[in-house]
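>>> just the structure for this:
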Amino acid sequence: MNENEILSALYQTVVNRRDNPKEGSYTCYLLDKGIDKILKKVGEECSETIIAAKNGENSETVYEIADLIYHLTVMMVAQDIPLEDVLKELDKRSEKTGNLKKFHTVDKNS
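Okay, the predicted model is just below:
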């Protein structure tokens, strides 16, 4: 499977769990608990990804990125955001060049 097929399969699995709940499914649990629980998990996984990357543990970072992508997918399904919309936005951004933004630097390490 290529990257888009993997993301599409994940998205469809989450949609399927939403539309056809299965007892004992973690996805169903999250969807049942609602957006606040889902967003809490997205934040948690984002923090864990940052920590793993900061620690330089590539295998742990990959694991946490996968968790983050999964929880973002659950959030997308809960909010009726089609995967295609996100992929189109990424594609649109990939066509841009020379759009480096100037940021106000407050990080004393840069």
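>>> where exactly do the helices run in this protein?
Taking DSSP state H, the helices of the chain run over residues 3-19, 26-33, 35-55, 58-78, 83-94.
>>> what lies in contact with the third one?
Translated: helix 35-55. With contact meaning C-beta atoms under 8 Å, 6 or more residues apart in numbering, helix 35-55 is reached by 30-31, 60-61, 63-65, 67-68, 70-72, 74-75, 78-79. All C-beta atoms are positioned from the backbone trio N, CA, C, and that covers glycine.
>>> pLDDT of it, averaged?
The predicted model gives helix 35-55 an average pLDDT of 98.
>>> buried residues of that helix, list them for me.
Under the neighbour-count criterion of 16 or more other C-beta atoms under 10 Å, helix 35-55 has 38, 41-42, 45-46, 48-49, 52 buried.
>>> circling back to that earlier point, closest to residue 21 among the contacts of helix 35-55?
Residue 21 has its nearest neighbour among the contacts of helix 35-55 in residue 31, at 7.9 Å by C-beta to C-beta.
>>> from residue 74, how far out is that closest one?
Counting by C-beta to C-beta, to the nearest Å, the gap between residue 31 and residue 74 amounts to 7 Å.
>>> please enumerate the shared neighbours of the two.
In terms of C-beta under 8 Å, 6+ apart, residue 31 and residue 74 are both contacted by the residues 14, 38.
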